[in-house]
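> What follows is a predicted protein model with its sequence.
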Amino acid sequence: MQSRIARAAEELFVDKGFEETTVDEIAAAVGMSQRSFFRYFSSKDEVVLDSLERLGEDLAARLAARPAGEPEWDSLRRAFDPVVERFGDPVSRDHDAAIQRIIDGSPRLLASYLCRLELLQRMLTDALTKRVGDDADPVVLRAMVGGAFACLHAAAFPSCDPDEFAPCLDRTMAALRPAGAR
C-alpha cells in the first residue's frame, strides 16, 4: 500500500506541483481517506523522503559488510553500488530524476532533504567508525564521508550519461582519494 500511495503522490506532484498537491488528493487517488493515508505516512513530505531513509540504511549496511582490511575510501565507494545500480536502470533513473525535480522545486522539501542527507552521512560515519575502531579520528572519518558524497553528487549532476556514471564516480573518487587513506 505504501508503494501505491507513493506512486500516486509522485504522479500528482509531477502533474500539479508538490506544494499544490494536498493529502486529500493523494488519498483520493488511491481510494482511501486522509486518515488512512496517515497510517502509512506522517505527511506528504514523508512520501518523497521515505526512500532516502531506506537508501541510507542500505548504504550503511553495505558499508558495514565490507571486508575488515579494505581501505575506508574503497569501502565507501563500494557502499555506493546501489546508487550506481539505480542510475544504470532507466526506470529507476527516470523516477529518481523526477523525485529530485520535485525536491528541488520546494524550498521546504529541499531543506528536509538536506537534513536527511546529513543524517545519512552520519549513519555512514558511524558505520565507518565501527569498522576502524578506537584508532579512528571521528573528524577525519566525517570529512571522508562528506568527500565521498561530494564525489557521488559531482558524478551524478547536473546530468551524466548513464553508461558513464560508474566510471565517472570511480574517476572522481580516485582523484579525490584522501592522502592518508590506506
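Happy to help now that I have it. Residues are numbered from 1 along each chain as shown.

> In space, what's closest to Val84 - neighbours in sequence excluded?
Ala166 (4.9 Å; CB to CB, 6 or more residues apart in numbering). C-beta coordinates here come from the backbone N, C-alpha and C atoms, glycine included.

> do Pro82 as well
Asp58 (5.4 Å).

> Likewise for Glu70?
Glu70 sits nearest to Arg78 (CB to CB, 6+ apart), 7.7 Å away.

> Just say helix, strand or coil for the one you found.
Per DSSP: H, G, I helix; E, B strand; the rest coil, the local secondary structure of Arg78 is helix.

> Now do the contacts for it.
Neighbouring residues of Arg78 by CB atoms under 8 Å, 6 or more residues apart in numbering: 62-63, 66, 70.

> the helices in the chain, which residues?
Applying DSSP state H to the chain gives helices spanning 2-16, 23-29, 34-40, 44-65, 72-79, 81-88, 90-104, 107-132, 138-156, 165-175.

> Just the mean pLDDT for the first one, thanks.
By that I understand helix 2-16. For helix 2-16, the mean per-residue pLDDT is 89.

> Return the distance of it from the chain's centre.
18 Å (CA atoms, centre = their mean, to the nearest Å).

> Would you mark the buried spots in that helix?
5-6, 8-10, 12-13 (16 or more other CB atoms under 10 Å).

> With respect to His95, which of these is nearest?
Glu10 (7.6 Å; CB to CB).

> In contact with the closest one, which residues?
47-48, 95, 98-99, 102 are the contacts of Glu10 under CB under 8 Å, 6+ apart.

> so Asp45 makes contact with Leu110?
No. Because the distance of 10.7 Å does not satisfy CB atoms under 8 Å, Asp45 is recorded as not touching Leu110.

> Let's see the pLDDT reported for the residue lying closest to Ser43 once chain neighbours are set aside.
Of all residues not flanking Ser43 in the chain, Val23 sits nearest, at 7.7 Å (CB to CB, 6+ apart). pLDDT for Val23: 95.

> show me the contacts for Val23.
By CB under 8 Å, 6+ apart, Val23 lies in contact with 34, 37-38, 43-44.

> what packs against the lowest-mean-pLDDT helix or strand in the chain?
Lowest on mean pLDDT, DSSP states H and E among the helices and strands of the chain sits helix 90-104, with a mean of 86. Here helix 90-104 touches helix 2-16, helix 44-65, helix 81-88, helix 107-132, going by 3 or more CB pairs under 8 Å, 6 or more residues apart in numbering; DSSP states H and E.

> same thing but 10 Å
For helix 90-104, the elements it packs on are helix 2-16, helix 44-65, helix 81-88, helix 107-132, helix 138-156, judged by 3 or more CB pairs under 10 Å, 6 or more residues apart in numbering; DSSP states H and E.

> Show me how far it is from its chain's centre.
So, by CA atoms, centre = their mean, the centroid of helix 90-104 is 11 Å from its chain's centroid.
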